[in-house]
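structure, please.
(4 chains)
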Number of protein chains: 2
Amino acid sequence: MSPFTPTGETREKVYRFVRKRIVEDLPPTVREVQEAFRFKAVQTARQHLERLVADGRLVKARGQARGYRLPREPGTLFVPLLGRVQAGGLSEAIEECEGYIPVRSRGSAELFGLRVQGESMTGAGILPDDVVIVRQQAKADSGDIVVALVGDEATIKTLRLGRNRIELHPANPAFAPIIPRTGECAILGKVVEVRRYLA
Amino acid sequence: MSPFTPTGETREKVYRFVRKRIVEDLPPTVREVQEAFRFKAVQTARQHLERLVADGRLVKARGQARGYRLPREPGTLFVPLLGRVQAGGLSEAIEECEGYIPVRSRGSAELFGLRVQGESMTGAGILPDDVVIVRQQAKADSGDIVVALVGDEATIKTLRLGRNRIELHPANPAFAPIIPRTGECAILGKVVEVRRYLA
DNA sequence: TTGTATAGCAGACAAAAGTCTGTTATATCT
DNA sequence: AGATATAACAGACTTTTGTCTGCTATACAA
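Okay, here's the model as predicted:
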């Protein structure tokens, strides 16, 4: 590389290279950046990287191998994706989750993802195989869409609070409301997001 | 840790730990695994990791720092969230995006998010204010839900390919299909995911 | 019993990767 | 011309991290 290249041009390419590598799940080492750009000195790569950190385009963990990363959008976290929740309860299901999915979240509430089974909520635009993001909470308001444990399986329904009882309403005329006896139903959380993967 | 624990139990936990770390974009070092589980020897952590590789649950780059990864699992990337797309085109809208949202993506395709306006796709479970994740592509198959630029505004419709013409069908009987003249319509991409933020 | 497999430990070594000090050259502004 | 900033290089040093050899203990089956 010549002793002079236009201002910032190389650095822009370095940024793209690093970003690509991070997205591909393995942040590069300084020397890998050096080799990718045929720099003859490690320090050249390091200078570009440190500059990108100073500009706020990257963050790094000092002294750590492959420590360069993209600055996280504030409030992005990874929540466990559950296939189903059975009587055992949430913590068990979270232990055995299918994987983790990224969620944009403001608070610090406990969230989880749950794959939808059945057609009882199609009227609310929640179809089988959709993934709902659920905020864990034991109480909810009338009208909220909640995940509730009734019998030995978790279900997704609209909550209606009546006098001294709760009702779980499907959003599909082919299904009947569930009116559990006291103590027979536990609210696991409130649905805060619905995702449908089409391709 | 006692000199004996049930078969595979610790390894299962090691796997979950590593997977979580990889998903969060920084694969752990062997010693980080050691510390997380309070192993007194590096080798103990290493044995579990190597076993996970042998079982095909992890892959590794030999000799590389933080070389353990998930077998061809998706990365996470941030895609621009667009409020609306007008005649100017995509690149302009991406420049002025509302923000970035996390998406789990397999390929390296160019994606963007678009906030849904109008009720023309309610029949497909796509409601106003939903966010659709769109993969940029100029062509699509009959039946795909696409984002198309017709006139001076982008719209979301189901694509139908007829002989020598294309049709854009709403999923709501209150709206009429759009049959643009040749050259009057550009497909911007295909909807690959639908998200609804409820709270 | 003997052999085999798993779980775990100890300590060292070697390679990978981050960091540092100092140098040269080109452009730009005063 | 002089001062300053950027881009790049050279070579060494240090820390981090992967790897290795050898050891103990428990369970289980032939």
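
ok, and does stretch A:42-51 reach over to chain B?
No: applying Cβ under 8 Å from any Cβ of the partner chain, one finds stretch A:42-51 out of contact with chain B, separated by at least 15.1 Å. All C-beta atoms are positioned from the backbone trio N, CA, C, and that covers glycine.

and that stretch, how far out from the chain's middle?
Centre-to-centre, stretch A:42-51 and its host chain are 32 Å apart (Cα atoms, centre = their mean, to the nearest Å).

what's in contact with it?
With Cβ atoms under 8 Å, 6 or more residues apart in numbering or on different chains as the test, stretch A:42-51 has contacts from A:10-11, A:14, A:18, A:30-31, A:33-34, A:37, A:39, A:58, A:60, A:68.

and what of stretch A:159-167?
Residues from elsewhere that reach stretch A:159-167 (Cβ under 8 Å, 6+ apart): A:140-146, A:148, A:168-169, A:177-180, A:182, A:185, A:187.

just the buried ones from those residues, in ChimeraX syntax?
Applying 16 or more other Cβ atoms under 10 Å in any protein chain shown to the contacts of stretch A:159-167, the buried members can be selected in ChimeraX as follows:
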select /A:140,144,145,146,148,168,169,178,180,185,187
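
and the contacts of stretch A:159-167 near DNA strand D, which?
Checked against DNA strand D using Cβ under 7 Å from any atom of the strand, those give no members in range.

returning to what we had before: kindly supply the PyMOL command isolating those of the contacts of stretch A:42-51 that are buried.
Typed into PyMOL, the line below selects the buried ones among those, using 16+ other Cβ under 10 Å:
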select buried, chain A and resi 11+14+18+30+33+34+39+58+68
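
which ones among the contacts of stretch A:42-51 also lie next to DNA strand C?
Here is what survives when the contacts of stretch A:42-51 are matched to DNA strand C using Cβ under 7 Å from any atom of the strand: A:30-31, A:60.

just the closest of those to A:Gly118, please.
Nearest to A:Gly118 among those: A:Lys60, at 46.6 Å, using Cβ to Cβ.

can you list the domains in chain A?
A:9-69, A:76-195 (automatic domain parsing).

in JSON lines: those, plus distance to B:Asp129.
Shown next, in JSON lines, are the domains of chain A (distance: least, Cβ to Cβ, whole Å):
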{"stretch": "domain A:9-69", "distance to B:Asp129": "28"}
{"stretch": "domain A:76-195", "distance to B:Asp129": "11"}
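
just the ones of the ones next to DNA strand C among the contacts of stretch A:42-51 in strands?
Among these, the ones falling in strands (DSSP state E) are A:Lys60.

could you dump the ones next to DNA strand C among the contacts of stretch A:42-51 to CSV with pLDDT and distance to A:Ile94?
Shown next, in CSV, are these (pLDDT from 0 to 100; distance: Cβ to Cβ, whole Å):
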residue, pLDDT, distance to A:Ile94
A:Val30, 95, 37
A:Arg31, 94, 39
A:Lys60, 91, 31
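
ok, back up a step: and the contacts of stretch A:42-51, which is the shakiest by pLDDT?
Ranked by pLDDT, these bottom out at A:Thr10, which has 84.

how about the secondary structure of it?
Under DSSP: H, G, I helix; E, B strand; the rest coil, the three-state class of A:Thr10 is helix.

the one 10 residues further on too?
A:Lys20 carries the three-state label helix when classified by three-state DSSP.

mind listing what's buried along the helix or strand of chain A with the lowest mean pLDDT?
Ranked by mean pLDDT, DSSP states H and E, the helix or strand of chain A with the weakest confidence is helix A:90-95, at a mean of 80. For helix A:90-95, burial by neighbour count (16+ other Cβ under 10 Å) applies to A:90, A:93-94.

filter the contacts of stretch A:159-167 by proximity to chain B?
Counting by Cβ under 8 Å from any Cβ, A:Ile145 from those sit close to chain B.

can you show me the helices along chain A?
For chain A, applying DSSP state H gives helices covering A:9-23, A:30-36, A:42-54, A:90-95.

reformat those helices as JSON lines; add distance to DNA strand D.
Shown next, in JSON lines, are the helices of chain A (distance: least, Cβ to the nearest atom of the strand, whole Å):
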{"stretch": "helix A:9-23", "distance to DNA strand D": "4"}
{"stretch": "helix A:30-36", "distance to DNA strand D": "8"}
{"stretch": "helix A:42-54", "distance to DNA strand D": "4"}
{"stretch": "helix A:90-95", "distance to DNA strand D": "23"}
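
so which of the ones you listed is nearest A:Glu119?
helix A:90-95 (22.0 Å).
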